[in-house]
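Colleague: Let me see the structure of the following:
(chains A and B)
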Protein chains: 2
Amino acid sequence: MAGSAQDIAKAAKAAFEESQLILSDERVKALRIIRDSLESNKAEILRANEEDLAAAKLEVDAGRMSEVMVKRLDLNKGDKWDSMLQGVLDVANLPGPTGTVTYASELDEGLELYRVTCPIGVLLVIFEARPEVVVNIASLAIKSGNAAILKGGKESNHTTSLLSKAISEGLSKTALPVTFIQTIQTRAEVSSLLELDQYIDLIIPRGSNSLVRNIQNNTRIPVMGHADGLCSVYLDEHADLEKSVRVVIDSKTDYPAACNSAENLVIHEAVVHSIWPSVANALLAANVKLLCDSKSLEVLKEFTPPHSNYQSHVLPSEPSSYTTEHLDLTISVIVVPSLTAAIQFINSYSSHHTDSIVSESQQAASTFCRGVDSAGTFVNASTRFADGFRYGFGTEVGISTGRIHARGPVGLEGLVIYKYLLRSKSHGGHIVADFGPGKKQYKHSRIGNTTVPF
Amino acid sequence: MAGSAQDIAKAAKAAFEESQLILSDERVKALRIIRDSLESNKAEILRANEEDLAAAKLEVDAGRMSEVMVKRLDLNKGDKWDSMLQGVLDVANLPGPTGTVTYASELDEGLELYRVTCPIGVLLVIFEARPEVVVNIASLAIKSGNAAILKGGKESNHTTSLLSKAISEGLSKTALPVTFIQTIQTRAEVSSLLELDQYIDLIIPRGSNSLVRNIQNNTRIPVMGHADGLCSVYLDEHADLEKSVRVVIDSKTDYPAACNSAENLVIHEAVVHSIWPSVANALLAANVKLLCDSKSLEVLKEFTPPHSNYQSHVLPSEPSSYTTEHLDLTISVIVVPSLTAAIQFINSYSSHHTDSIVSESQQAASTFCRGVDSAGTFVNASTRFADGFRYGFGTEVGISTGRIHARGPVGLEGLVIYKYLLRSKSHGGHIVADFGPGKKQYKHSRIGNTTVPF
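Modeller: Residues are numbered from 1 along each chain as shown, chains lettered A, B, ... in the order given. Below is the predicted model:
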């Protein structure tokens, strides 16, 4: 199809506007049809995926790409294909996020105000190499009623272009416009789209910090970004030993490459002799490298017998240790004199993603949760719970470290906004000139409607 | 105090973080203390206001400022001073927007998730000349728990700096840090602050379109802007004559300089002979200039006897008429062949602020409200109802024409976001490694708590 970025953006906006007159049931039907279209194009899509894989393997051989990347590209690995298709149906079956009345009030006899959830408009979603993301995001966009322009990693261009073709083929059999979901392939197109705030309403970059910042620096369009995940676990003076070990080990080792893994361990000095040695031992047994400040290091030195990998895995920390998202089996450790100091440390060094306190004190827990300015503040629970599926949202659009619109794990609710509907049922309609001193007064009485009655 | 922009922003963030440990009751107390501090500094503040007024009058004499601007500056005019102080108490008495549980779920036996509303963080608010806005915004920020940096128009610098001094004096007698509310005076400071996304969380520019766009072009920080108000009234083929006249007249003439006034009048061709002449007559009687397309003009030509100001007030429209925010007694008129065409016209030409349909058809009204992609879609009601006070929010932070976070008239709710609190009450705490195939399953059962139980 090609077409300039301008044409693509314009077509997306037109498709969005047209879709507003289509009932949301049709969007659910469309998801089922798209699932079938993907299934019937499976052979062709997997052939394209093999092309991408072959090209990627050459890159690996030349030392320009990692094996991990190749695994991510492979759409035929394990149950990836089937779970991608199942994902479409799962999203179809979630409760629809639009058309919900979140506020209703009678402003005057016969004058009713409704605040109703609705799609945002046109999304531009930029994501990394995994080709199945195109299907996932397309499903979320359709379910929530947002038109979308998608850009995947260039390594998966063959695959995503065929996935996208199957999606368009599916859309052509539905009430939705075919241009409701479009894909683009080049960075140049992204750059042009960043200018088009009259057509694009929200950009969702899913990738590195530098990708997010680069986009934020080059557009007026709002960005729902996901910056780093620099999460902490704080062992309070009232921490329980068993909980400390379990929560720290799970937060660090369950999946170290995830953004909700712990990178910093903050220890109240009152428990540095009682709890820290056991936690350290468990971490070392799990092959975790410890970057320690002088106080936590001191304690480990005295600890006998030393753990087998003490020599190789216990190192002094540097100032930069506490601002590093390790994403591997490494954790930075610091001892603090008080709960207040712990909160201040976390507010300064964490990325405001998710931080957990281990404590038996209700009061300390409450202070920590109020004082730590993060999307998630946890008590005696692993930071790894910060996830849309674990939270029970059924899906996850991403994890927002911003503070506007949506914060933390974002479900379908994060892809909607609202509009106000005001209806006069009175003879003569309603005008503001009838209100004021000596005239009519506003009633402002909340009403119970949960759906718009027209 | 001076200090660099960096110092100011840092102090604001520190004040915000410190304030998170202070109960919200203290913020209400602080508002009462600030009100008293303003009252006891009244003489000094009004003297400063006279200085600003004297300087402004020189500008008016030199032809560099309008009389309207001078009126806006005058803090001693009518009941402006008293209503400014009353405004502080009114905001104090509104329901607090923070600490509300908006979602609560038991993820597992003894593992509870709470989504709780909380302040956004540090706001940078930039506004026009009216000096009382500094007090208004400071009140809203304190009530919602956000620290704020305020920049007023340079014409009111003397006044705002003394208002700000009185606010600081008040804050110094409260539990809140004095730097919770700070003011700055220069554009250079604003420019520096736009860089500091690590300290500032949201920018709210209240002024011209060009101010908003200029800020959006120069910052990574999210902007909650208020672009123009290009509102329309659409007279449907099923419009009632009396409602048409009343709604159009009120939308256009109640307060033409307001953003929620109508600028475009869209008429279904079926009523161009039956309804338009009466509406035109009423508009002309109200001294409104009509910029007409050929069809609406044709009808008026045939109309006898012509209205006294027909010659001077009925003019052919130009393409640019429909994209102009007149802000005075002028309206652009266009005839369309269908409801669908009306919706398309409005989506292309309106600023997605507020648009109204006049129609007796429930179905046409419903189609209009779904199809028109604006913050407010009204039925048989004046566009002038689009206002935080009229909607019953008790206050208005602004009217957002964005589609992220808050849309339309924004009350205190627009100044909050949420965080997730997760608490394990179980022996051993909670870790994700205990969940999965063959292990524990998530419960995800919604619970009824409306406050956080710790």
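
Colleague: tell me which residues in stretch A:394-402 are buried?
Modeller: Residues of stretch A:394-402 classed as buried by neighbour count (16 or more other C-beta atoms under 10 Å in any protein chain shown): A:395-402. Quick note: C-beta positions are derived from backbone N, CA and C, even for glycine.

Colleague: To clarify, my last question referred to stretch A:319-332.
Modeller: Across stretch A:319-332, burial judged by 16+ other C-beta under 10 Å covers A:321-326, A:330-332.

Colleague: near chain B, which residues of the stretch 251-400 of chain A?
Modeller: Applying C-beta under 8 Å from any C-beta of the partner chain, we find that the stretch 251-400 of chain A lies next to chain B at A:254, A:343-344, A:347, A:358, A:362, A:365-367, A:369-371, A:373-382, A:384-386, A:390-392.

Colleague: ok, now the stretch 51-200 of chain A?
Modeller: Residues of the stretch 51-200 of chain A found near chain B, taking C-beta under 8 Å from any C-beta as the criterion, are A:105, A:107, A:111, A:113, A:120-121, A:197.

Colleague: Which residue in the residues you listed has the weakest pLDDT?
Modeller: Lowest pLDDT of those: residue A:197, 93.

Colleague: who are the neighbours in contact with that one?
Modeller: A:219-221, B:216 (C-beta atoms under 8 Å, 6 or more residues apart in numbering or on different chains).

Colleague: Assign residue A:278 to helix, strand or coil.
Modeller: Assigned by DSSP: H, G, I helix; E, B strand; the rest coil, the conformation of residue A:278 is helix.

Colleague: For it, list the residues it contacts.
Modeller: Taking C-beta under 8 Å, 6+ apart, we find residue A:278 in contact with A:241, A:244-245.

Colleague: at 10 Å what do you get?
Modeller: By C-beta atoms under 10 Å, 6 or more residues apart in numbering or on different chains, the contact set of residue A:278 is A:241-242, A:244-245, A:248, A:303.

Colleague: thinking again about what came up before, can you redo the buried residues of stretch A:394-402 as a markdown table with pLDDT and distance to residue A:155?
Modeller: Output for these, formatted as a markdown table (pLDDT from 0 to 100; distance: C-beta to C-beta, whole Å):
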| residue | pLDDT | distance to residue A:155 |
| --- | --- | --- |
| A:395 | 84 | 25 |
| A:396 | 86 | 23 |
| A:397 | 86 | 23 |
| A:398 | 85 | 21 |
| A:399 | 89 | 24 |
| A:400 | 91 | 26 |
| A:401 | 86 | 26 |
| A:402 | 88 | 28 |
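
Colleague: Let's have those residues in TSV, adding secondary structure.
Modeller: Listed next are the buried residues of stretch A:394-402 as TSV, based on three-state DSSP:
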residue	secondary structure
A:395	coil
A:396	coil
A:397	coil
A:398	strand
A:399	strand
A:400	strand
A:401	coil
A:402	coil
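
Colleague: about what we covered before: among the residues of the stretch 51-200 of chain A next to chain B, which pair sits farthest apart?
Modeller: Distances among these were taken as C-beta to C-beta; the most separated pair is A:111 and A:197, at 34.0 Å.

Colleague: pLDDT on stretch A:35-55, on average?
Modeller: Here the average pLDDT along stretch A:35-55 is 97.

Colleague: which helix is the longest one in chain A?
Modeller: helix A:42-61 (DSSP state H).

Colleague: that older thread, and which of the contacts of residue A:197 is nearest to residue A:276?
Modeller: Residue A:276 lies nearest to residue A:219 out of those, by C-beta to C-beta, at 45.9 Å.

Colleague: which regions of chain A sit below the pLDDT cut-off?
Modeller: Within chain A, the stretches with pLDDT under 70 are A:1-2, A:227, A:454.

Colleague: domains of it?
Modeller: In the domain annotation for chain A, the residue ranges read A:5-102+A:121-217, A:231-391 (automatic domain parsing).

Colleague: distance between the first one and the chain's centre?
Modeller: Between the mean C-alpha location of domain A:5-102+A:121-217 and the chain-wide mean there is a distance of 16 Å, by C-alpha atoms, centre = their mean, to the nearest Å.

Colleague: export the buried residues of stretch A:319-332 to TSV and tack on secondary structure?
Modeller: Below are the buried residues of stretch A:319-332 laid out as TSV (three-state DSSP):
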residue	secondary structure
A:321	helix
A:322	helix
A:323	helix
A:324	coil
A:325	coil
A:326	coil
A:330	strand
A:331	strand
A:332	strand
